[in-house]
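>>> sequence first, then the predicted structure:
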Amino acid sequence: MMDWYPVFLRELLIFRRRLLKFGYLLSAMMLPIIYFIVFGLGLGRMVQMEGKSYLGFLIPGLVAMTSMTNSYTWIANSINLNRLYFKTFQVLYLAPISYSAIIIGEVLAGMLKGLFAASLIIVVGFLTYPNFGLSLPFLLALLLNCFLFASLGFLVGMSAKGHEETATYFNFFILPMGFFCGTFFPIERIPEFLKPVVFVLPLTYTNILIRKETFDTLALGCVLVLVFYSVILFGLGFRVIKNYSE
């Protein structure tokens, strides 16, 4: 029942070693920090959004975007490089553990990396915006978001034919979600012709849920959508590793 733990621990030890390299951590946090300074501290002091400071609107969106980006990127790149270049994934695959142990360990490790990056933005939020607080919908949205995009990262890392292909997925799927799914401005202000696309993307529901202070009908609907996407992506990832042959 705990055969996923060695997989998780291995990724955790690698992650800890990389954190000791200042450039590695800085590269992961550079983009959200730039957005925070430019939009939050610069523009945010002159703009009101939904009846409150723009900074208060932006910080939850940056938490959602950062957790998405890091949960996806670190696991997608790691799996793809280990599978195609270093050939260490094959050793893990041939180990006497179940397929489910591999995907559970890897996805939980991806979640942890996403939560770590998001926690840095949360700390900045507490320091710069006095009214910033953590609600139950906020925490649930963060956990579901990390699990969902770690599952997507595992699926892409297992399916991509090269490292460039993982970057293509990022540029055409992850990056647009960061801008159009309610991170920087309310979804209601998105042009009508884009709304059908935006409401198909999972980060939209994370951004709605993460800004809720209490659970209402809309929040519960967002939870169900995120759970649905998470189950689908995790199931596809399990199917890919079960049929893996390389």
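Perfect, I can see it now.

>>> pull out the buried residues from stretch 136-155.
Neighbour-count burial for stretch 136-155 flags 137-138, 140-155 (criterion: 16 or more other CB atoms under 10 Å). C-beta: built from backbone N, CA, C; applies to glycine.

>>> out of the residues you listed, list just those in helices.
137-138, 140-155 (DSSP state H).

>>> for the residue nearest the centre of the chain, helix, strand, or coil?
The chain has residue 68 as the residue nearest its centroid, 1.8 Å off, counting by CA atoms, centre = their mean. When classified by DSSP: H, G, I helix; E, B strand; the rest coil, residue 68 comes out as helix.

>>> for residue 130, see how far away residue 151 is.
36 Å (CB to CB, to the nearest Å).

>>> thinking again about what came up before, check contacts around the nearest residue to the residue nearest to the centre of the chain once chain neighbours are set aside.
Distances taken as CB to CB, 6 or more residues apart in numbering place residue 149 nearest to residue 68, at 4.8 Å, with adjacent residues excluded. Neighbouring residues of residue 149 by CB atoms under 8 Å, 6 or more residues apart in numbering: 67, 68, 69, 71, 72, 110, 114, 174, 202.

>>> ok, which pair from the residues you listed is furthest apart?
Largest separation among the contacts of residue 149 by CB to CB: 110 and 202, giving 15.2 Å.

>>> compare those two and say which is more crowded by neighbours.
Between residue 110 and residue 202, residue 110 has the larger neighbour count (other CB atoms under 10 Å), namely 30 against 23.

>>> from memory the more buried one sits against residue 152, does it?
No - here residue 110 does not reach residue 152: they are 9.3 Å apart, not a contact under CB atoms under 8 Å.
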